[in-house]
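**Student:** one predicted model, sequence on top.
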Amino acid sequence: MPSQKWFLHPLRVRYQETDQMGVVFHGNYITWFEIGRTELIRAMGYDYKTIEQEGLLLPVVDLECRYERPARYDDTVVVCTRISDFSPVRLSFESEIRRVESDQFKQSIIDQYEDLPGEKLVAGGTKHVWVNEKWRPARLDKGLPQLYALLQSLV
């Protein structure tokens, strides 16, 4: 069951993120998905650095990305991220990249029943598995019960 809330993080397209055609290079959207995930976790009071210092890693095991429209240099885009699936050993995110009109857009959280702002450009998501420092499966509820409870409260 997906989270009830979307986390929104604005970005401005930089020149170096575009290709010779003047559009954002396709691989940058995957980076933006990662920015959405890490900023969602940060907004909850954690960061990946702290999680990793506690001995937990969260590698991507699956990626989906559908390109609908291109972003261009100097566009303001919003990375929309929410948890789409969650268990003690797995975590999945749904992501959308949307173009918005204003560069004054602020980081925010909105309810799933509200319309996401702007025009959808890219949609997809990532699936992850919690592992320990030896890359063996690990349980988040055992390794970081506080983070597990926070994530559980979003779903």
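**Tutor:** Sure, I can see it. No experiment lies behind these values; they were computed from the predicted model shown.
**Student:** any idea where the helices of the chain begin and end?
**Tutor:** Secondary structure of the chain (DSSP state H): helices at 27-43, 48-53, 140-143, 145-154.
**Student:** ranking those helices by burial, who's on top?
**Tutor:** Mean neighbours per residue, mean count of other CB atoms under 10 Å, is largest over these for helix 27-43, with a mean of 19. For every residue, glycine as well, the C-beta is placed using N, CA and C.
**Student:** that one packs against which elements?
**Tutor:** With contacts taken as 3 or more CB pairs under 8 Å, 6 or more residues apart in numbering; DSSP states H and E, helix 27-43 sits against strand 5-12, helix 48-53, strand 60-67, strand 76-86, strand 90-100, strand 119-129.
**Student:** how much space between the residue lying closest to residue 18 once chain neighbours are set aside and residue 24?
**Tutor:** Nearest non-adjacent residue to residue 18, counting by CB to CB, 6 or more residues apart in numbering: residue 73, 4.9 Å away. In this view, residue 73 and residue 24 are 8 Å apart by CB to CB, to the nearest Å.
**Student:** ditto for residue 148
**Tutor:** On the measure of CB to CB, residue 148 and residue 24 end up 35 Å apart.
**Student:** least trustworthy helix or strand in the protein by mean pLDDT?
**Tutor:** strand 108-111 (a mean of 78; mean pLDDT, DSSP states H and E).
**Student:** list of residues touching that one?
**Tutor:** The contact list for strand 108-111 (CB atoms under 8 Å, 6 or more residues apart in numbering) reads 4-8, 43, 116.
**Student:** and if you look at stretch 121-130?
**Tutor:** Residues contacting stretch 121-130 (CB under 8 Å, 6+ apart): 29, 33, 37, 56-71, 77, 84-85, 88-99, 137-140, 143.
**Student:** quick one: buried residues of stretch 64-71?
**Tutor:** Applying a neighbour-count criterion of 16 or more other CB atoms under 10 Å, one finds 65, 70-71 buried in stretch 64-71.
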